[in-house]
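J.: coords please:
(one chain, ligands or ions: 1)
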Amino acid sequence: MAAPSSLASSRLAAAAPAPQHHHQNHQLRLGCSRRRAQRLVAMAGSGKFFVGGNWKCNGTKESITKLVSDLNAATLESDVDVVVAPPFIYIDQVKSSLTDRIEVSAQNTWIGKGGAFTGEISAEQLVDIGCQWVILGHSERRHVIGEDDQFIGKKAAYALSQNLKVMACIGELLEEREAGKTFDVCFKQMKAFADNITDWKNVVIAYEPVWAIGTGKVASPEQAQEVHAAVRDWLKTNVSADVASTVRIIYGGSVNAANCAELAKKEDIDGFLVGGASLKGPDFATICNSVTSKKVTA
Ligand SMILES: O=C[C@H](O)COP(=O)(O)O
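T.: Residues are numbered from 1 along each chain as shown. Just a heads-up that it's a prediction; the model follows:
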């Protein structure tokens, strides 16, 4: 097994139980710490913090040239995987001008092999132009375009079969949260992914509560942590302990340069999927570098 990344090492060190601690929940905490330590050892090599920038339907050749230039000039911590997702038509421009330090994602892909599917882009075509990732199940695809769970799950299976890595998005609507259905909704969306994914090593899960996307109403660190931990437990029960302990679960929804550090401190928040703030190079770099909060306190 490869040596743990320095992030994993620092988390491992932080996760070690303190012998002088005599809190009444000590045994419970000890159990959690051990579970966490195992998770981090198993994450070796793939356990980096992860930040994706979803540019959505924004940008022009000119503005993207400036954004790429700002990203190329940014100093990024080594313990973070960084990915940006331009609109399809700019992927080639970004691939040819962006530093290799940052990988490139599509925001969607077709469900299967290309052919007579007007307006679609296939996984094979994305791979052909050097695109490494695809975002699937984003709430704007689910709720604006009308993609359903099974369609999204099948897209994930096909994209993975073509060696695209997948950011698999889940998240509840405001009315679903208010009705106490957050976990039910997220687990149902997870099941559709799990029914179609056999190998999770190239998958990152993005929890994005719909009420927090583009609204400025960020989930509190506690709200996000609660769902991330529940999704991890769901994976343990329904997929495997190994997947639960290794897959990265990132948060999306009004993340910005000011709120990222507090979110990053939470144990089960392994990074971010950023919309609006990813259009500003320096802000996006600050969010990527919030991994430093994780190192100190996780
Ligand atoms: O994919 C990103 C999410 O939709 C978050 O967007 P936002 O950061 O603009 O709220």
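J.: poorly predicted segments of this structure, please.
T.: 1-46, 296-298 (pLDDT under 70).
J.: just give me the neighbour total for the residue in it that the ligand sits nearest to.
T.: Residue nearest to the ligand within the chain (C-beta to the nearest ligand atom): residue 275, separated by 2.3 Å. In this view, the C-beta of every residue, glycine as well, is placed from N, C-alpha and C. Residue 275 has 24 neighbouring residues, counting by other C-beta atoms under 10 Å.
J.: likewise for residue 201?
T.: Each residue near residue 201 was counted by other C-beta under 10 Å, and the total is 10.
J.: tell me the secondary structure of it, please.
T.: coil (DSSP: H, G, I helix; E, B strand; the rest coil).
J.: am I right that the residue of the chain closest to the ligand is in contact with residue 52?
T.: No: taking contacts as C-beta atoms under 8 Å, residue 275 lies outside contact range of residue 52: 9.8 Å.
J.: flag every residue of this structure that's near the ligand.
T.: 54, 138, 208, 213-214, 252-255, 273-277 (C-beta under 6 Å from any ligand atom).
J.: which of those are buried?
T.: If you count burial by 16 or more other C-beta atoms under 10 Å, the buried members of those come out as 54, 138, 208, 213, 252-255, 273-277.
J.: now do the strands in this structure.
T.: In the chain, the segments counted as strands under DSSP state E are 49-54, 80-85, 102-106, 133-136, 165-170, 203-207, 248-252, 271-274.
J.: who wins for proximity to residue 263 among these?
T.: Nearest to residue 263, of all the strands of the chain, is strand 248-252, at 6.0 Å by C-beta to C-beta.
J.: pairing partners for the closest one, with directions?
T.: According to DSSP bridges, strand 248-252 forms sheet pairs with strand 203-207 (parallel), strand 271-274 (parallel).
J.: which residues touch the closest residue to residue 284 other than its chain neighbours?
T.: Spatial nearest neighbour of residue 284, chain neighbours left out: residue 278 (4.7 Å); criterion: C-beta to C-beta, 6 or more residues apart in numbering. Contacts here follow C-beta atoms under 8 Å, 6 or more residues apart in numbering; on that basis residue 278 touches 52-55, 84, 284, 287.
J.: how close does residue 278 sit to residue 287?
T.: 8 Å (C-beta to C-beta, to the nearest Å).
J.: what does stretch 183-195 contact?
T.: Residues from elsewhere that reach stretch 183-195 (C-beta under 8 Å, 6+ apart): 137, 149-150, 152-153, 156, 168, 170-173, 176, 203, 205, 207, 227, 230-231, 234-235, 238-239.
J.: can you do 7 Å?
T.: 137, 149-150, 152-153, 156, 168, 170-172, 176, 207, 227, 230-231, 234, 238-239 (C-beta atoms under 7 Å, 6 or more residues apart in numbering).
J.: ok, of the residues you listed, which come out buried?
T.: Here, 16+ other C-beta under 10 Å leaves 137, 149, 152-153, 156, 168, 170-172, 176, 207, 227, 230-231, 234, 239 buried among the contacts of stretch 183-195.
J.: from these, which two are the most distant?
T.: Counting by C-beta to C-beta, the most remote pair of the buried ones among the contacts of stretch 183-195 is 176 and 239, 22.9 Å apart.
J.: roughly how far does residue 193 sit from residue 131?
T.: In terms of C-beta to C-beta, residue 193 sits 20 Å off from residue 131.
J.: hang on, I meant residue 233
T.: Residue 233 sits at a distance of 33 Å from residue 131 (criterion: C-beta to C-beta).
J.: for residue 94, same thing?
T.: Applying C-beta to C-beta to residue 94 and residue 131 gives a distance of 9 Å.
J.: with residue 109 instead?
T.: According to C-beta to C-beta, residue 109 and residue 131 sit 9 Å apart.
J.: what does residue 266 give?
T.: Separation of residue 266 from residue 131 (C-beta to C-beta) stands at 30 Å.
J.: now swap in residue 192 and tell me
T.: Look at residue 192 and residue 131: by C-beta to C-beta, they are 23 Å apart.
J.: who has more neighbours out of the two?
T.: residue 131 (25 against 20).
J.: who are the contact partners of that one?
T.: Applying C-beta under 7 Å, 6+ apart, we find residue 131 in contact with 91, 104-106.
J.: may I ask which of the residues you listed has the most neighbours?
T.: Looking at those with neighbours defined as other C-beta under 10 Å, the largest count falls to residue 105 at 25 neighbours.
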